[in-house]
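In: Would you be able to build a 3D model of this:
(one chain, ligands or ions: 1)
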Amino acid sequence: VPTFLLDPAVCFLNHGSFGAATAELLDAQDALRRRIEREPVDFLARQLPGLLDGARGRVAAFLGARSEELAFVRNATTGVNAVLGSLELRPGDELLTTDHRYQAVRNAMERVARRAGARVVEAAVPFPLQGEDEIVDAVAAAFSERTRLLVVDWITSPTALILPVQRLVELARSRGVPVLVDGAHAPGQVAVDLARLGADFFTGNLHKWLCAPRGSAVLAVAPEWVSRIHHPVTSHGYGAGLHGELDWVGSDDPSPWLCAPLALDLHEALGGAALREANHRLVAEGRQVLAEALGVDLPHPDDPTLYGSMATVPLPGGFGPATPAAALELNRRLFALHRVEVPAICWGGRLWVRISGFAAYNRPSDYARLAEALRALREG
Ligand SMILES: Cc1ncc(COP(=O)(O)O)c(C=O)c1O
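Out: A predicted model of the protein is given here:
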(Lines give C-alpha, C1' and ligand atoms only; values in the text may rest on other atoms or scores of the structure.)
Protein backbone atom coordinates (compact mmCIF):
# COMPACT_ATOMS: atom_id res chain seq x y z
CA VAL A 1 0.00 0.00 0.00
CA PRO A 2 1.57 3.30 -1.04
CA THR A 3 2.03 5.96 1.59
CA PHE A 4 1.14 9.45 0.48
CA LEU A 5 2.71 12.14 2.63
CA LEU A 6 -0.28 14.48 2.35
CA ASP A 7 -1.27 16.31 5.53
CA PRO A 8 -4.29 14.41 6.90
CA ALA A 9 -5.76 17.70 8.12
CA VAL A 10 -6.03 18.96 4.54
CA CYS A 11 -8.79 17.93 2.18
CA PHE A 12 -6.57 17.65 -0.90
CA LEU A 13 -8.58 18.02 -4.11
CA ASN A 14 -5.79 19.29 -6.32
CA HIS A 15 -3.73 16.35 -7.51
CA GLY A 16 -3.88 18.01 -10.91
CA SER A 17 -1.60 20.97 -10.30
CA PHE A 18 1.59 19.30 -9.11
CA GLY A 19 0.78 15.64 -8.41
CA ALA A 20 1.84 14.08 -5.10
CA ALA A 21 4.58 11.50 -4.60
CA THR A 22 4.62 8.61 -2.16
CA ALA A 23 7.05 7.88 0.68
CA GLU A 24 8.22 4.74 -1.14
CA LEU A 25 9.11 6.67 -4.29
CA LEU A 26 10.85 9.43 -2.40
CA ASP A 27 12.83 6.80 -0.42
CA ALA A 28 13.93 5.22 -3.70
CA GLN A 29 14.87 8.63 -5.05
CA ASP A 30 16.82 9.38 -1.89
CA ALA A 31 18.68 6.07 -2.15
CA LEU A 32 19.53 6.88 -5.76
CA ARG A 33 20.82 10.31 -4.85
CA ARG A 34 23.02 8.77 -2.17
CA ARG A 35 24.33 6.29 -4.73
CA ILE A 36 25.18 9.20 -7.04
CA GLU A 37 27.08 10.94 -4.26
CA ARG A 38 29.32 7.93 -3.61
CA GLU A 39 31.02 8.62 -6.94
CA PRO A 40 29.33 11.47 -8.83
CA VAL A 41 31.68 11.31 -11.79
CA ASP A 42 31.35 7.59 -12.29
CA PHE A 43 27.58 7.82 -12.01
CA LEU A 44 26.94 10.89 -14.15
CA ALA A 45 29.64 10.38 -16.77
CA ARG A 46 29.70 6.59 -17.12
CA GLN A 47 26.65 4.90 -15.63
CA LEU A 48 23.98 7.45 -16.49
CA PRO A 49 23.61 6.87 -20.26
CA GLY A 50 22.82 3.17 -19.80
CA LEU A 51 20.49 3.82 -16.88
CA LEU A 52 18.67 6.49 -18.85
CA ASP A 53 18.23 4.09 -21.76
CA GLY A 54 16.62 1.57 -19.43
CA ALA A 55 14.25 4.06 -17.79
CA ARG A 56 13.34 5.62 -21.11
CA GLY A 57 12.61 2.23 -22.66
CA ARG A 58 10.16 1.40 -19.90
CA VAL A 59 8.36 4.75 -20.17
CA ALA A 60 8.30 4.51 -23.97
CA ALA A 61 6.63 1.10 -23.77
CA PHE A 62 4.05 2.44 -21.31
CA LEU A 63 3.20 5.32 -23.64
CA GLY A 64 3.24 3.24 -26.81
CA ALA A 65 6.22 5.12 -28.21
CA ARG A 66 9.56 4.05 -29.63
CA SER A 67 12.58 4.82 -27.43
CA GLU A 68 14.38 6.57 -30.28
CA GLU A 69 11.53 9.03 -30.54
CA LEU A 70 11.11 9.74 -26.82
CA ALA A 71 13.27 11.69 -24.39
CA PHE A 72 13.03 12.84 -20.82
CA VAL A 73 12.54 16.51 -20.05
CA ARG A 74 11.99 18.22 -16.72
CA ASN A 75 8.34 19.15 -17.31
CA ALA A 76 5.76 19.75 -20.01
CA THR A 77 6.69 23.44 -20.13
CA THR A 78 10.20 22.47 -21.26
CA GLY A 79 8.82 19.99 -23.78
CA VAL A 80 6.59 22.65 -25.31
CA ASN A 81 9.44 25.16 -25.43
CA ALA A 82 11.72 22.64 -27.15
CA VAL A 83 9.18 22.10 -29.90
CA LEU A 84 8.32 25.76 -30.40
CA GLY A 85 11.99 26.76 -30.42
CA SER A 86 12.76 24.17 -33.11
CA LEU A 87 10.27 25.55 -35.63
CA GLU A 88 11.33 27.80 -38.46
CA LEU A 89 8.66 30.45 -38.64
CA ARG A 90 8.22 33.25 -41.14
CA PRO A 91 6.43 36.58 -40.90
CA GLY A 92 2.67 36.08 -41.21
CA ASP A 93 2.73 32.46 -40.05
CA GLU A 94 0.14 31.36 -37.50
CA LEU A 95 0.40 29.11 -34.47
CA LEU A 96 -3.02 27.72 -33.66
CA THR A 97 -4.31 26.65 -30.25
CA THR A 98 -7.58 26.86 -28.33
CA ASP A 99 -8.85 29.26 -25.69
CA HIS A 100 -8.66 26.39 -23.14
CA ARG A 101 -4.85 26.28 -23.37
CA TYR A 102 -2.46 26.64 -20.44
CA GLN A 103 -1.23 30.19 -20.01
CA ALA A 104 2.47 29.29 -19.80
CA VAL A 105 2.16 27.48 -23.14
CA ARG A 106 0.38 30.44 -24.70
CA ASN A 107 3.23 32.66 -23.45
CA ALA A 108 5.82 30.38 -25.06
CA MET A 109 3.86 30.46 -28.34
CA GLU A 110 3.63 34.23 -28.13
CA ARG A 111 7.36 34.60 -27.67
CA VAL A 112 8.42 32.50 -30.66
CA ALA A 113 5.68 34.03 -32.80
CA ARG A 114 6.71 37.58 -31.94
CA ARG A 115 10.35 36.92 -32.80
CA ALA A 116 9.40 35.69 -36.26
CA GLY A 117 6.67 38.22 -36.99
CA ALA A 118 4.16 35.37 -36.74
CA ARG A 119 1.02 35.34 -34.59
CA VAL A 120 -0.94 33.12 -32.23
CA VAL A 121 -4.53 32.25 -33.11
CA GLU A 122 -6.95 30.78 -30.58
CA ALA A 123 -9.94 28.68 -31.63
CA ALA A 124 -12.91 29.49 -29.38
CA VAL A 125 -14.05 26.11 -28.05
CA PRO A 126 -17.51 26.42 -26.49
CA PHE A 127 -17.92 25.62 -22.82
CA PRO A 128 -20.42 24.46 -21.57
CA LEU A 129 -20.70 21.92 -24.38
CA GLN A 130 -22.53 18.73 -25.26
CA GLY A 131 -19.92 16.66 -27.04
CA GLU A 132 -16.65 16.46 -28.92
CA ASP A 133 -18.04 17.50 -32.31
CA GLU A 134 -18.26 21.07 -31.03
CA ILE A 135 -14.54 20.97 -30.20
CA VAL A 136 -13.48 19.56 -33.56
CA ASP A 137 -15.69 22.05 -35.43
CA ALA A 138 -14.25 25.01 -33.49
CA VAL A 139 -10.66 23.99 -34.22
CA ALA A 140 -11.41 23.19 -37.86
CA ALA A 141 -12.87 26.66 -38.35
CA ALA A 142 -9.72 28.35 -37.03
CA PHE A 143 -7.24 26.86 -39.54
CA SER A 144 -5.94 29.10 -42.28
CA GLU A 145 -3.45 28.89 -45.14
CA ARG A 146 -0.86 30.34 -42.75
CA THR A 147 -1.28 27.78 -39.92
CA ARG A 148 2.14 26.25 -39.21
CA LEU A 149 1.45 24.33 -35.99
CA LEU A 150 -1.58 23.19 -34.01
CA VAL A 151 -1.08 22.99 -30.24
CA VAL A 152 -3.84 21.09 -28.46
CA ASP A 153 -4.15 19.98 -24.87
CA TRP A 154 -5.06 16.37 -24.27
CA ILE A 155 -6.67 17.49 -21.02
CA THR A 156 -7.28 21.19 -20.58
CA SER A 157 -6.12 22.97 -17.46
CA PRO A 158 -8.84 25.58 -16.74
CA THR A 159 -11.79 23.42 -17.83
CA ALA A 160 -10.49 19.83 -17.27
CA LEU A 161 -11.90 18.72 -20.62
CA ILE A 162 -10.48 15.74 -22.47
CA LEU A 163 -10.09 16.99 -26.03
CA PRO A 164 -10.63 14.50 -28.89
CA VAL A 165 -6.92 14.53 -29.69
CA GLN A 166 -7.07 11.64 -32.13
CA ARG A 167 -9.56 13.51 -34.30
CA LEU A 168 -7.66 16.78 -33.93
CA VAL A 169 -4.40 15.13 -34.99
CA GLU A 170 -6.14 13.67 -38.05
CA LEU A 171 -7.68 17.06 -38.83
CA ALA A 172 -4.32 18.84 -38.69
CA ARG A 173 -2.54 16.16 -40.66
CA SER A 174 -5.21 16.28 -43.37
CA ARG A 175 -4.25 19.93 -43.78
CA GLY A 176 -0.52 19.21 -43.72
CA VAL A 177 -0.06 21.01 -40.40
CA PRO A 178 2.11 19.46 -37.68
CA VAL A 179 0.51 18.96 -34.25
CA LEU A 180 1.89 19.29 -30.75
CA VAL A 181 -0.25 17.47 -28.19
CA ASP A 182 0.23 19.03 -24.77
CA GLY A 183 -0.37 15.99 -22.63
CA ALA A 184 0.72 17.58 -19.35
CA HIS A 185 -2.13 15.78 -17.55
CA ALA A 186 -2.43 12.71 -19.78
CA PRO A 187 -0.04 9.96 -18.55
CA GLY A 188 -1.82 8.17 -15.72
CA GLN A 189 -5.11 9.98 -16.26
CA VAL A 190 -6.03 8.51 -19.64
CA ALA A 191 -4.67 5.60 -21.68
CA VAL A 192 -1.90 6.92 -23.90
CA ASP A 193 -0.87 5.16 -27.11
CA LEU A 194 1.43 7.50 -28.99
CA ALA A 195 1.93 5.23 -32.00
CA ARG A 196 -1.81 5.24 -32.55
CA LEU A 197 -2.16 8.96 -31.87
CA GLY A 198 0.33 9.80 -34.62
CA ALA A 199 1.03 13.34 -33.45
CA ASP A 200 4.21 15.07 -34.60
CA PHE A 201 4.99 16.02 -31.01
CA PHE A 202 3.73 14.98 -27.60
CA THR A 203 4.83 16.17 -24.22
CA GLY A 204 3.52 14.78 -20.96
CA ASN A 205 4.28 14.88 -17.27
CA LEU A 206 5.02 11.78 -15.24
CA HIS A 207 4.98 13.87 -12.06
CA LYS A 208 1.26 14.58 -12.14
CA TRP A 209 -0.97 11.52 -12.52
CA LEU A 210 1.79 8.92 -12.33
CA CYS A 211 3.10 10.36 -9.06
CA ALA A 212 6.74 10.36 -10.21
CA PRO A 213 9.07 12.72 -8.35
CA ARG A 214 8.68 16.26 -9.68
CA GLY A 215 10.91 17.00 -12.66
CA SER A 216 9.93 13.88 -14.60
CA ALA A 217 8.33 14.39 -17.99
CA VAL A 218 8.77 13.30 -21.60
CA LEU A 219 8.85 14.72 -25.08
CA ALA A 220 8.05 12.40 -27.99
CA VAL A 221 8.63 13.44 -31.60
CA ALA A 222 7.79 11.83 -34.91
CA PRO A 223 10.76 10.30 -36.83
CA GLU A 224 11.09 13.24 -39.23
CA TRP A 225 11.73 15.58 -36.28
CA VAL A 226 14.26 13.47 -34.35
CA SER A 227 17.26 15.19 -35.94
CA ARG A 228 15.69 18.67 -35.95
CA ILE A 229 14.77 19.14 -32.31
CA HIS A 230 16.64 21.49 -29.98
CA HIS A 231 16.42 21.82 -26.24
CA PRO A 232 15.78 25.44 -25.19
CA VAL A 233 19.04 25.19 -23.22
CA THR A 234 22.00 24.53 -25.53
CA SER A 235 24.59 22.10 -24.19
CA HIS A 236 27.09 19.47 -25.35
CA GLY A 237 24.59 17.62 -27.51
CA TYR A 238 23.77 20.57 -29.77
CA GLY A 239 22.62 19.23 -33.11
CA ALA A 240 23.12 15.64 -31.95
CA GLY A 241 19.49 14.57 -32.28
CA LEU A 242 16.74 14.02 -29.75
CA HIS A 243 18.69 12.12 -27.08
CA GLY A 244 21.85 14.14 -27.60
CA GLU A 245 19.95 17.39 -27.26
CA LEU A 246 17.76 16.44 -24.31
CA ASP A 247 19.60 13.87 -22.17
CA TRP A 248 22.20 16.31 -20.90
CA VAL A 249 21.43 20.00 -20.51
CA GLY A 250 24.10 20.88 -18.00
CA SER A 251 24.82 19.34 -14.61
CA ASP A 252 21.56 18.35 -13.01
CA ASP A 253 19.85 15.68 -10.94
CA PRO A 254 18.72 12.71 -13.07
CA SER A 255 16.90 10.99 -10.18
CA PRO A 256 13.34 12.08 -11.16
CA TRP A 257 13.83 10.44 -14.56
CA LEU A 258 15.43 7.30 -13.19
CA CYS A 259 12.54 6.89 -10.75
CA ALA A 260 9.97 6.93 -13.58
CA PRO A 261 9.88 3.10 -13.86
CA LEU A 262 9.04 2.91 -10.14
CA ALA A 263 6.22 5.37 -10.68
CA LEU A 264 4.89 3.09 -13.43
CA ASP A 265 5.12 0.14 -11.03
CA LEU A 266 3.11 2.13 -8.50
CA HIS A 267 0.47 3.03 -11.09
CA GLU A 268 0.15 -0.61 -12.06
CA ALA A 269 0.10 -1.78 -8.42
CA LEU A 270 -2.75 0.67 -7.79
CA GLY A 271 -4.70 -0.90 -10.64
CA GLY A 272 -3.62 0.95 -13.80
CA ALA A 273 -6.80 1.27 -15.87
CA ALA A 274 -8.88 0.33 -12.80
CA LEU A 275 -7.27 3.20 -10.85
CA ARG A 276 -8.05 5.63 -13.67
CA GLU A 277 -11.67 4.47 -13.64
CA ALA A 278 -11.90 4.74 -9.85
CA ASN A 279 -10.48 8.27 -10.04
CA HIS A 280 -13.06 9.16 -12.65
CA ARG A 281 -15.93 7.76 -10.58
CA LEU A 282 -14.85 9.83 -7.57
CA VAL A 283 -14.85 12.97 -9.69
CA ALA A 284 -18.12 12.08 -11.43
CA GLU A 285 -19.86 11.74 -8.07
CA GLY A 286 -18.02 14.71 -6.62
CA ARG A 287 -19.17 17.07 -9.33
CA GLN A 288 -22.78 15.92 -8.84
CA VAL A 289 -22.55 16.53 -5.09
CA LEU A 290 -21.16 20.02 -5.71
CA ALA A 291 -23.67 20.90 -8.42
CA GLU A 292 -26.54 19.94 -6.14
CA ALA A 293 -25.12 21.77 -3.12
CA LEU A 294 -24.44 24.91 -5.14
CA GLY A 295 -27.54 24.77 -7.32
CA VAL A 296 -25.63 25.03 -10.60
CA ASP A 297 -25.74 23.24 -13.95
CA LEU A 298 -22.74 21.16 -14.91
CA PRO A 299 -20.88 22.27 -18.06
CA HIS A 300 -21.00 18.96 -19.97
CA PRO A 301 -22.74 15.58 -19.91
CA ASP A 302 -21.54 12.78 -17.65
CA ASP A 303 -19.48 11.25 -20.45
CA PRO A 304 -16.13 9.59 -19.59
CA THR A 305 -14.73 10.57 -22.99
CA LEU A 306 -15.09 14.24 -22.00
CA TYR A 307 -13.40 14.20 -18.57
CA GLY A 308 -11.19 11.94 -16.50
CA SER A 309 -9.78 12.45 -13.01
CA MET A 310 -10.61 16.16 -12.91
CA ALA A 311 -13.75 18.21 -13.49
CA THR A 312 -14.78 21.83 -13.30
CA VAL A 313 -17.90 23.03 -11.54
CA PRO A 314 -19.21 26.57 -12.05
CA LEU A 315 -19.79 28.69 -8.97
CA PRO A 316 -23.05 30.55 -8.47
CA GLY A 317 -23.01 34.25 -7.54
CA GLY A 318 -21.85 35.25 -4.07
CA PHE A 319 -18.14 34.51 -4.49
CA GLY A 320 -17.11 37.95 -5.70
CA PRO A 321 -16.51 39.27 -9.21
CA ALA A 322 -15.35 36.97 -12.02
CA THR A 323 -11.73 38.09 -11.83
CA PRO A 324 -8.45 36.17 -11.42
CA ALA A 325 -7.89 38.06 -8.16
CA ALA A 326 -11.24 36.90 -6.75
CA ALA A 327 -10.45 33.31 -7.79
CA LEU A 328 -7.08 33.47 -6.05
CA GLU A 329 -8.68 34.93 -2.95
CA LEU A 330 -11.29 32.16 -2.85
CA ASN A 331 -8.56 29.53 -3.19
CA ARG A 332 -6.66 31.20 -0.35
CA ARG A 333 -9.70 31.35 1.92
CA LEU A 334 -10.71 27.74 1.23
CA PHE A 335 -7.27 26.70 2.39
CA ALA A 336 -6.82 29.17 5.25
CA LEU A 337 -10.27 28.82 6.78
CA HIS A 338 -11.31 25.29 5.81
CA ARG A 339 -8.11 23.43 4.96
CA VAL A 340 -9.51 22.52 1.55
CA GLU A 341 -7.02 22.62 -1.34
CA VAL A 342 -8.75 23.11 -4.67
CA PRO A 343 -8.05 25.51 -7.55
CA ALA A 344 -10.56 28.30 -8.04
CA ILE A 345 -10.44 29.53 -11.62
CA CYS A 346 -11.68 32.55 -13.52
CA TRP A 347 -12.45 31.45 -17.06
CA GLY A 348 -14.98 32.44 -19.69
CA GLY A 349 -16.36 35.28 -17.59
CA ARG A 350 -17.16 33.25 -14.49
CA LEU A 351 -15.65 31.52 -11.48
CA TRP A 352 -15.17 27.75 -11.24
CA VAL A 353 -13.57 25.18 -9.02
CA ARG A 354 -11.59 22.32 -10.56
CA ILE A 355 -11.76 19.14 -8.53
CA SER A 356 -9.36 16.21 -8.79
CA GLY A 357 -9.84 12.64 -7.66
CA PHE A 358 -7.15 10.16 -6.71
CA ALA A 359 -8.66 6.99 -5.35
CA ALA A 360 -5.58 6.06 -3.33
CA TYR A 361 -6.29 8.92 -0.93
CA ASN A 362 -9.52 10.79 -1.84
CA ARG A 363 -12.92 9.73 -0.50
CA PRO A 364 -16.42 10.78 -1.59
CA SER A 365 -16.73 12.75 1.67
CA ASP A 366 -13.95 15.09 0.45
CA TYR A 367 -16.32 16.61 -2.11
CA ALA A 368 -19.03 17.05 0.51
CA ARG A 369 -16.45 18.87 2.64
CA LEU A 370 -15.63 21.19 -0.27
CA ALA A 371 -19.34 21.82 -0.83
CA GLU A 372 -19.75 22.69 2.85
CA ALA A 373 -16.73 25.02 2.81
CA LEU A 374 -18.08 26.79 -0.27
CA ARG A 375 -21.48 27.18 1.36
CA ALA A 376 -19.81 28.71 4.42
CA LEU A 377 -17.77 31.14 2.30
CA ARG A 378 -20.63 32.27 0.08
CA GLU A 379 -21.97 35.72 0.84
CA GLY A 380 -25.62 36.29 1.62
C1 LIG B 1 -2.24 21.82 -20.20
C2 LIG B 1 -0.97 22.05 -19.43
N3 LIG B 1 0.17 22.27 -20.10
C4 LIG B 1 1.34 22.44 -19.46
C5 LIG B 1 1.42 22.42 -18.09
C6 LIG B 1 2.73 22.65 -17.45
O7 LIG B 1 3.18 21.56 -16.73
P8 LIG B 1 4.56 21.70 -15.95
O9 LIG B 1 4.34 22.75 -14.90
O10 LIG B 1 4.82 20.38 -15.34
O11 LIG B 1 5.58 22.14 -16.92
C12 LIG B 1 0.25 22.23 -17.34
C13 LIG B 1 0.33 22.21 -15.89
O14 LIG B 1 -0.65 22.07 -15.17
C15 LIG B 1 -0.97 22.04 -18.04
O16 LIG B 1 -2.12 21.85 -17.38
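In: Surely Asp253 is in a strand?
Out: No. Under the criterion used here (DSSP: H, G, I helix; E, B strand; the rest coil), Asp253 is coil, not part of a strand.
In: How much space separates it from Arg56?
Out: Using Cβ to Cβ, to the nearest Å, Asp253 is found at 17 Å from Arg56. All C-beta spots, glycine's among them, are computed from the backbone N, C-alpha and C.
In: What of Arg111?
Out: Computed as Cβ to Cβ, the Arg111 to Arg56 distance reads 29 Å.
In: more neighbours, the two?
Out: Taking neighbours as other Cβ atoms under 10 Å, Arg111 and Arg56 compare with Arg56 leading, 23 against 13.
In: which residues touch that one?
Out: Arg56 sits next to Ser67, Leu70, Ala71, Phe72, Trp257 when contact means Cβ atoms under 8 Å, 6 or more residues apart in numbering.
In: Those residues: which two are farthest apart?
Out: Ser67 and Trp257 (13.4 Å; Cβ to Cβ).
In: of these two, who's got more company?
Out: For the pair Ser67 and Trp257, the greater number of neighbours falls to Trp257 (27 against 16), based on other Cβ under 10 Å.
In: Close to the ligand: what parts of this protein are there?
Out: Within the chain, the positions adjacent to the ligand are Asn75, Ala76, Thr77, Tyr102, Ala104, Val105, Asp153, Ser157, Asp182, Ala184, His185, Asn205 by Cβ under 6 Å from any ligand atom.
In: Quick check on the residue nearest to the last one when sequence neighbours are not counted: phi, psi?
Out: So the one you mean is Asn205. In space, not counting the residues next to it along the chain, Asn205 is nearest to Ala217; the distance is 4.6 Å by Cβ to Cβ, 6 or more residues apart in numbering. According to degrees, to the nearest 10, the main-chain angles of Ala217 amount to phi -150, psi 170.
In: beta partners for Ala217?
Out: Note on Ala217: beta-bridge partners by DSSP bridges are Val73, Asn205.
In: Could you tell me which ranges of this protein sit under the pLDDT cut-off?
Out: Under the criterion of pLDDT under 70, the regions of the chain flagged as low confidence span 380.
In: ok, back up a step: I figured the residue nearest to Asn205 was touching Arg74, is that so?
Out: Yes. Counting by Cβ atoms under 8 Å, Arg74 is a contact partner of Ala217 at 6.2 Å.
In: Checking Ile345 next. Helix, strand or coil?
Out: Relying on three-state DSSP, one would call Ile345 strand.
In: same check, this time on Asp182
Out: Secondary structure state of Asp182, per three-state DSSP, is strand.
In: Next, the buried residues of stretch 306-322.
Out: Burial within stretch 306-322, assessed by neighbour count using 16 or more other Cβ atoms under 10 Å, is assigned to 306-315, 319-320, 322.
In: quick one: which of these is nearest to the ligand?
Out: Distances from the ligand to the buried residues of stretch 306-322, taken as Cβ to the nearest ligand atom, are shortest for Met310 (9.6 Å).
In: Settle it for me: which of Ala217 and Arg74 has more neighbours?
Out: Between Ala217 and Arg74, Ala217 has the larger neighbour count (other Cβ under 10 Å), namely 28 against 20.
In: Of the contacts of Arg56, which belong to helices?
Out: Within the contacts of Arg56, membership in helices is found for Trp257, as judged by DSSP state H.
In: And the contacts of Arg56, which is closest to Leu270?
Out: Using Cβ to Cβ, the shortest approach to Leu270 within these belongs to Trp257, at 21.0 Å.
In: Isn't the closest one up against Leu70?
Out: No. Because the distance of 11.6 Å does not satisfy Cβ under 8 Å, Trp257 is recorded as not touching Leu70.
In: for Val313, phi and psi?
Out: With angles defined as degrees, to the nearest 10, Val313 sits at phi -130, psi 130.
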